[in-house]
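**Q** build me a model:
(one chain, ligands or ions: 2)
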Amino acid sequence: MPSDGPARGGTAIESQFNGESSGVSPSTDQPAGTAGRSGSQADLSGYSAIRSVLRIRPFRRLWIVLGVASFGDWFGLLATSVFAAAQVEGNTAKGAAFGGVIAVRLLPALLLGPVAGVFADRFDRRWTMVISDVLRFVLFASIPLYALSGASGARVVSWAVIATFLIETVTLLWIPAKEAAVPNLIPRARLETANQLTLITTYGITPVLAAVVAASLDGIVRAAVGDNAPNWAEPAQLALWFNAFSRLATALVVALGIKEISQVRDGAREHTEQSMLRQFVEGWRFIGKTPLVRGLVLGIFGAFASGGIVIGTGRFFADSLGAGDAAFSLLFGAIFVGLAVGIGLGPMIVRDLSRRRWFGMSIVLASASVMTLAFAIHLSMALVGAVLVGAGAGMAFLAGTTLLGGEVADEVRGRVFAVVQIGTRMVLILAIALGSLLAGVGGSRMLTIADLGISVSATRLLLLAAGAAGIFAGISAFGQMDDKKGVPVLADLWGSIRGRPLMPAERFVSAGLFVVFEGGEGAGKSTQLAGLAERLRDEGRDVVVTREPGATGIGERIRSLVLDTAVDEAPSPRAEALLYAADRAHHVATVVRPALVRGAVVISDRYVDSSLAYQGAGRTLPVDEVSWLSSWATGGLKPDLVVLLDVDPGTGLSRVAARNQAADRLEAESVAFHERVRYAFLDLAAADPKRYLVLDAARPADEIAERVARRVKDLLGASGANPGSANGPDIPVQSELSPTELVTTERT
Ligand SMILES: Nc1ncnc2c1ncn2[C@@H]1O[C@H](COP(=O)(O)OP(=O)(O)OP(=O)(O)O)[C@@H](O)[C@H]1O
Ligand SMILES: Cc1cn([C@H]2C[C@H](O)[C@@H](COP(=O)(O)O)O2)c(=O)[nH]c1=O
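**A** Ligands and ions are numbered 1, 2, ... in the order given. Just a heads-up that it's a prediction; the model follows:
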């Protein structure tokens, strides 16, 4: 089986990029779930992202030799099987020889796999790779050499089987060493692109190329040397020689050209002091105890199990559609097309979606598509389903490998990869075997429901069950790994596709209460806010009175920029929205949050809703964009209570005019503008009545003050906000944005 999988980068060693990294510094402290992505990465187009990855010399060299070796492996896989079959006479013997070589390739993983990862974490990975490749060179070359020695066909096949077993055993040591080493060559930000590149090379380009070359090799050889070609020029033997020398080339390049692979970090050195048994046990313990890794492993196994069922039942399924072998090949091809689409285009589609979420969602997509196959009544439906199965599986594979590389520590990476690699093989083989066995045994029954004749076949029931199991695995993986708990999944996906993923609320513990006064011009906010503060202070509470814009030094300057008509140049609507957001970000970070943490009652004259009403409805900017901006600026902090003083713009503006001060830039806006603002406020309140207290601002000020005080008192009773203490209570009170409320677009 081709042995070079994706690169799983995580921690980069800066010195490796000297002169070649185009100044991108590696990052080791990205938040969970973002492995493989960063702002800079997201900004790069697919082509320039690939170019920037290939500028990293050690990775470029490795990618080239791995491409050649992968071609050699596919070529070798085809060749060894055909070669073995060619050595014996009769269909049964040929079939046994062909199948024997394939089966023997899978066997070592089952027997020796569990210890392979320990080698990768224990010994120098470069030399593990080099020695493994030299051994593989010798073993691959030994098969055609033995055939040339004149040994009987049966002996040659026996040796081919033994050599293949040994090659696969050595490969088991090589894969985890390579997988665990490559992440150290690539900065996290470029990991996903590196994985795309290696996956497409390994599972897309090289197998196709190998199949084409294998199919045309016979003709090429005959054209070159005529019909009496010497034994060594037999296509199968040539393929084995190529496979052998490609491994020698890999060994040489890794030994002499990619010395960076040998670099070991301190943590890894400590572990080499442990016994192999201890390291082995610790590897399993790590997988069992770490939710992320557990989720990844479960998800990958689930996806491979449903994939295996699809492959195992493929032929029966094609028959159930009334189509034959051609349909089976088409379906198989459709899955590969889907895989390529998922791996190649997936990241461009989902953009900055959390990779942890993407992983679970992709498994659910693949599994749901498996389920739809069960209901396909026409080949065209089945083809669409098969493309989606492939796309989901491809995206899950890419996300999973990137996450494993980016978030599993270097010192256990080899063991984790070994478990994944062995587990997937076992699950795949079992699922294929079980799928074809059950589909064959189960046959198909015709049920008549009402007047409809419905064919219920075991194949379709199996597909249904596999899809359901896959969905279960995907949802479980999602639950274990989710790094944006509570943020609505579909809205997050949709937002990400549009370039605006939702953010989880920033973690912080509030011990206070956050009250905001909102309303149009002259509604009486300042009057009410001052009254409430006074009452609370009289009760001995720690009260912080603040406002937007202009509560801080920076805020004051922003206030002047947006409102002061003496500043000649009026900001454009988008600039205005950004300025308010900047004021808010600074205000929340330096005034509001610290006060809430301390246990104070924070009362603010205006907050996020003003932006939604004025910049959104008033200036007619897209409200969801303004909302996203504010969410980002505040880290998702929402008030506990919004007191909306609803006023007719005519009344409010006349109160303002009575002050005999020059109108600021927004007060000077048209009545229609202020009407839009008023109704936007009312809409916001209607969408979340529990959080709002809407009062008629035309009522007497005292009456309004009473109503506000009563509501705040209730809240203070419920929240336990700290009266007068400079230190918050030990028990945190949740004042954070409830995640479902992040999508303020929904309410507007
Ligand atoms: N309920 C009320 N009835 C009548 N007048 C009021 C009432 N509340 C406040 N006022 C008066 O209306 C004017 C504006 O009040 P205030 O400054 O409190 O409003 P505001 O909403 O803060 O205004 P701005 O939008 O300019 O910030 C003041 O002169 C105030 O005395
Ligand atoms: C926070 C915020 C405010 N505005 C507008 C609303 C008012 O016209 C002024 C603030 O003046 P006030 O006398 O302090 O009420 O700014 C806005 O347009 N967008 C916002 O986010």
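
**Q** show me what contacts Ala686?
**A** Shown in contact with Ala686 (CB atoms under 8 Å, 6 or more residues apart in numbering): no residues. (Glycine included, C-beta is placed from N, CA and C.)

**Q** measure it to Arg678 for me?
**A** Distance, Ala686 to Arg678, by CB to CB, to the nearest Å: 13 Å.

**Q** please apply the same query to Ser457.
**A** From Ser457 to Arg678 the distance is 63 Å (CB to CB).

**Q** of the two, which one has the most company?
**A** Per other CB atoms under 10 Å, whichever of Ser457 and Arg678 has more neighbours is Arg678, with 23 against 20.

**Q** excluding covalently adjacent residues, which one is nearest to the more buried one?
**A** Distances taken as CB to CB, 6 or more residues apart in numbering place Gly520 nearest to Arg678, at 5.3 Å, with adjacent residues excluded.

**Q** got the residues of this protein near ligand 1?
**A** 519, 521-527, 655-656, 697, 700-701, 704 (CB under 6 Å from any ligand atom).

**Q** so for stretch 638-658, what gets flagged as buried?
**A** Buried residues in stretch 638-658, counted by 16 or more other CB atoms under 10 Å: 638-649, 652-653, 655-656.

**Q** so is it next to ligand 2?
**A** No - Stretch 638-658 lies out of reach of ligand 2 by CB under 6 Å from any ligand atom, never closer than 8.3 Å.

**Q** what does the helix or strand containing Leu529 rub up against?
**A** Element membership for Leu529 (DSSP states H and E) is helix 525-538. Contact with helix 525-538 is made by 515, 517-519, 543, 545, 601, 603, 605-606, 643, 645, 701, 704-705, 708-709, 712, as judged by CB under 8 Å, 6+ apart.

**Q** distance of Ser457 relative to Asp664?
**A** From Ser457 to Asp664 the distance is 74 Å (CB to CB).

**Q** could you look up the SS state of Phe567?
**A** For the record, residue 567 is Val, not Phe. coil (DSSP: H, G, I helix; E, B strand; the rest coil).

**Q** what is the helix or strand Ile471 falls within packed up against?
**A** For Ile471, the element it lies in under DSSP H and E is helix 458-481. Contacts defined by 3 or more CB pairs under 8 Å, 6 or more residues apart in numbering; DSSP states H and E place helix 458-481 against helix 291-320, helix 355-374, helix 410-442.

**Q** residues in contact with the closest residue to Ala477 other than its chain neighbours?
**A** Counting by CB to CB, 6+ apart, Ala477 lies nearest to Gly299, which is 3.3 Å off, once chain neighbours are set aside. Listed by CB under 8 Å, 6+ apart, the contact set of Gly299 reads Phe359, Gly360, Ile363, Ala396, Gly400, Ala473, Gly474, Ser476, Ala477.

**Q** close enough to count as contact, the third one and Ala305?
**A** No - using CB atoms under 8 Å as the test, Ile363 is too far from Ala305 to be in contact (10.7 Å).

**Q** joint contacts of the two?
**A** Shared contacts of Ile363 and Ala305, counting by CB under 8 Å, 6+ apart, come down to Gly470, Ala473.

**Q** how about the strands in the protein?
**A** 444-449, 452-457, 513-519, 543-547, 601-605, 641-646, 692-696 (DSSP state E).

**Q** for the last one, output the C-alpha coordinates as CSV.
**A** The one in question is strand 692-696. The C-alpha coordinates for strand 692-696 follow below in CSV (Å, rounded to 0.1, in the frame of the first residue of the first chain):
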residue,chain,number,x,y,z
TYR,A,692,-35.1,44.0,27.3
LEU,A,693,-37.2,46.4,29.3
VAL,A,694,-39.0,48.7,26.8
LEU,A,695,-40.4,51.8,28.3
ASP,A,696,-42.3,54.7,26.8
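
**Q** re earlier: format the strands of the chain as JSON lines; extra columns: mean pLDDT.
**A** Formatted as JSON lines, the strands of the chain follow (pLDDT from 0 to 100):
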{"stretch": "strand 444-449", "mean pLDDT": "58"}
{"stretch": "strand 452-457", "mean pLDDT": "64"}
{"stretch": "strand 513-519", "mean pLDDT": "97"}
{"stretch": "strand 543-547", "mean pLDDT": "97"}
{"stretch": "strand 601-605", "mean pLDDT": "97"}
{"stretch": "strand 641-646", "mean pLDDT": "97"}
{"stretch": "strand 692-696", "mean pLDDT": "96"}
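
**Q** select, out of those, the one closest to Phe71.
**A** strand 452-457 (39.4 Å; CB to CB).

**Q** re earlier: which of the contacts of helix 525-538 count as buried?
**A** 515, 517-519, 543, 545, 601, 603, 605-606, 643, 645, 704-705, 708, 712.

**Q** what sits closest to Ile603 if chain neighbours are left out?
**A** Val515 is the one closest to Ile603 (CB to CB, 6+ apart), at 4.9 Å.

**Q** that neighbour and Leu644 touch, don't they?
**A** No - judged on CB under 8 Å, Val515 makes no contact with Leu644 at a distance of 11.8 Å.
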